[in-house]
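In: All I have is the shape, not the residue letters:
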Ligand SMILES: NC(=O)C1=CN([C@@H]2O[C@H](COP(=O)(O)OP(=O)(O)OC[C@H]3O[C@@H](n4cnc5c(N)ncnc54)[C@H](OP(=O)(O)O)[C@@H]3O)[C@@H](O)[C@H]2O)C=CC1
Ligand SMILES: CC(C)=CCC[C@@H](C)[C@H]1CC[C@H]2C3=C(CC[C@]12C)[C@@]1(C)CCC(=O)C[C@@H]1CC3
């Protein structure tokens with residue numbers, strides 16, 4: 001069962017919910033501006049909640065954890081795999097944003113499958129049962145990435161036949177489920193947003209991992225010639241894409257049952273981006289080059305060695321073939337489809353985004369002697 005944690009500004013009498021079958025919408029902006037953010041306690045989820053509130057939406061958060069306080073939000077705690085737990089959080093809302101997933105760094109295959117695949121099926125069923133009209137999934141551009149160069153890739157690229165990890169494999173299954181659930185006859189519309197390399201304030205992954213690597217002396221080498229372009233997308237642009245998608249998703253719109261890349265539309269060499277974050281926080285940027293294939297085979301050798309030793313020692317490598325591929329190949333995507341179908345364009349430039357991000361991590365700045 002989900003636990004309702006707080007009666008927020010938009011809470012209504014449960015008796016009224018029962019009579020009307022849906023929660024009344026009290027926002028200034030009118031009908032359709034009530035939503036639930038599944039995964040609303042996470043990095044992207046919290047930014048979603050902030051911008052939705054600013055735009056006058058009434059917001060429910062459904063998450064396995066509660067990580068912030070707000071008297072404007074109604075919180076529901078539970079596991080998204082449990083349809084019965086989801087239902088109270090979805091009744092009466094017009095839009096559901098599904099941005100929950102186990103962290104990509106996890107190696108728990110069973111968890112990825114359970115949450116991203118079977119859990120997403122529970123979300124779809126719960127949406128239908130609760131009378132939700134729109135479901136916006138946070139997918140990932142990596143659903144088409146196989147570890148080799150992608151330059152200005154469009155959404156027409158086929159799903160990866162050999163996804164780079166189990167997280168991505170289950171993101172593919174999840175996206176397929178959501179897109180095929182689009183059902184105009186029953187007034188249920190679905191779409192998927194595919195962001196890439198989300199970064200920004202409060203991100204627990206990219207900047208902290210990078211700083212940890214720099215502090216332990218692992219950020220000395222540039223893999224390859226350092227010219228490989230990659231998309232890094234500021235979190236507020238990702239949120240903007242999600243909200244636009246929800247607003248443009250309706251019967252007969254080009255969004256129904258389709259996926260959309262959302263990026264900063266400013267691909268940047270991977271190592272330039274890393275160096276700008278590092279120097280912004282007073283760390284030295286990497287300066288020695290190591291050939292891509294040498295790095296790749298070294299990482300492969302290391303992972304084979306660790307697999308052989310696994311019965312005796314369990315060490316989690318940071319230098320993995322998957323990370324080498326992410327750091328040494330081109331992978332940037334066209335967001336033309338989102339521009340055309342929903343009028344998307346980034347609201348924060350990459351320069352501004354990097355500056356805001358660096359400024360937001362005073363605790364990770366290098367201590368000067
Ligand atoms: N960050 C990135 O660069 C990219 C992210 N994405 C996608 O964006 C989405 C959001 O990512 P991000 O904000 O970084 O991730 P976070 O891990 O920060 O947020 C996900 C949230 O979902 C929660 N959650 C996990 N499992 C469940 C469950 N079974 N039931 C309810 N809640 C659950 C998490 O809780 P807990 O922390 O306890 O697990 C967390 O609060 C994900 O779908 C991810 O795949 C796509 C492309 C790039
Ligand atoms: C676009 C996208 C998916 C971004 C994710 C960023 C991460 C892949 C990087 C953040 C820190 C990076 C890192 C390495 C590879 C890429 C990251 C994990 C190394 C493992 C590369 C090899 C090394 O010498 C150590 C690096 C540590 C940090």
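Out: Great, that's in hand. Keep in mind the model is a prediction, meaning the values are calculated, not measured. Ligands and ions are numbered 1, 2, ... in the order given.
In: Now do the same for residue 20: its pLDDT.
Out: Looking at residue 20, its pLDDT reads 33.
In: Tell me the residue of the stretch 51-200 of the chain that sits nearest ligand 2?
Out: Across the stretch 51-200 of the chain, the shortest distance to ligand 2 (C-beta to the nearest ligand atom) belongs to residue 197, at 3.0 Å. Placement of C-beta: from N, CA and C, glycine included.
In: Could you report the neighbour count for that residue?
Out: When neighbours are counted by other C-beta atoms under 10 Å, residue 197 registers 22.
In: contacting residues around the nearest residue to it once chain neighbours are set aside?
Out: Once flanking residues are discounted, residue 197 sits nearest to residue 232: 4.1 Å by C-beta to C-beta, 6 or more residues apart in numbering. For residue 232, the contact set (C-beta atoms under 8 Å, 6 or more residues apart in numbering) comprises 196-197, 199, 264, 268, 273, 350.
In: repeat for residue 208
Out: residue 364.
In: Now do the buried residues in stretch 335-349.
Out: For stretch 335-349, the neighbour count (16 or more other C-beta atoms under 10 Å) marks 335, 337-338, 341-342, 344, 346, 348 as buried.
In: So for it, mean pLDDT?
Out: 98.
In: need the longest helix for the protein.
Out: Ranked by residue count under DSSP state H, the longest helix found in the chain is helix 292-309.
In: before we move on, back to that, from what I can see the residue of the stretch 51-200 of the chain closest to ligand 2 touches residue 231, true?
Out: Yes. Between residue 197 and residue 231 there is a contact under C-beta atoms under 8 Å: 5.6 Å.
In: sorry, back to before: in helices, which of the buried residues of stretch 335-349 fall?
Out: Per DSSP H, helices hold the following members of the buried residues of stretch 335-349: 337-338, 341-342.
In: Of the residues you listed, which pair is most distant in space?
Out: Using C-beta to C-beta, these reach their maximum pairwise distance at 337 and 342, which is 8.9 Å.
In: residues bridging contact with the two, i.e. touching both?
Out: Contacts common to residue 337 and residue 342, judged by C-beta under 8 Å, 6+ apart, are residue 260.
In: Can you give me the pLDDT of whichever residue of the chain sits closest to ligand 1?
Out: At 1.9 Å from ligand 1, residue 42 is the closest residue in the chain, using C-beta to the nearest ligand atom. We have a pLDDT of 98 for residue 42.
In: lowest-pLDDT helix or strand in this structure?
Out: None of the helices or strands of the chain scores lower by mean pLDDT, DSSP states H and E than helix 14-20, at a mean of 31.
In: Do any residues in whatever helix or strand comes next after that helix lie close to ligand 1?
Out: Where DSSP states H and E defines the elements, the next helix or strand beyond helix 14-20 is strand 34-38. No. Using C-beta under 6 Å from any ligand atom, strand 34-38 never reaches ligand 1; the gap is at least 6.5 Å.
In: Just the buried positions in stretch 171-186, please.
Out: Buried residues in stretch 171-186, counted by 16+ other C-beta under 10 Å: 171-179, 181-182.
In: hang on, I meant stretch 277-296
Out: 277-278, 280-281, 283, 285-286, 290, 292, 295-296.
In: What of stretch 40-56?
Out: For stretch 40-56, the neighbour count (16+ other C-beta under 10 Å) marks 40-53 as buried.
In: What of stretch 60-74?
Out: Across stretch 60-74, burial judged by 16+ other C-beta under 10 Å covers 60-64, 66, 70, 73-74.
In: Next: stretch 147-158.
Out: Using 16+ other C-beta under 10 Å as the test for burial, stretch 147-158 gives 147, 150, 153, 155.
In: Show me the strands in the stretch 1-150 of the chain, by range?
Out: For the stretch 1-150 of the chain, strands defined by DSSP state E, counting those that start in this stretch occupy the ranges 3-4, 34-38, 58-63, 73-77, 95-98, 134-138, 150-153.
In: Turn those into a markdown table, including mean pLDDT.
Out: Formatted as a markdown table, the strands of the stretch 1-150 of the chain follow (pLDDT from 0 to 100):
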| stretch | mean pLDDT |
| --- | --- |
| strand 3-4 | 42 |
| strand 34-38 | 98 |
| strand 58-63 | 98 |
| strand 73-77 | 98 |
| strand 95-98 | 98 |
| strand 134-138 | 98 |
| strand 150-153 | 98 |
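In: In CSV: those, plus distance to residue 192.
Out: Formatted as CSV, the strands of the stretch 1-150 of the chain follow (distance: least, C-beta to C-beta, whole Å):
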stretch, distance to residue 192
strand 3-4, 29
strand 34-38, 14
strand 58-63, 19
strand 73-77, 23
strand 95-98, 9
strand 134-138, 4
strand 150-153, 15
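In: Tell me where the stretch 101-250 of the chain is predicted with low confidence.
Out: Applying pLDDT under 70 to the stretch 101-250 of the chain flags no residue at all.
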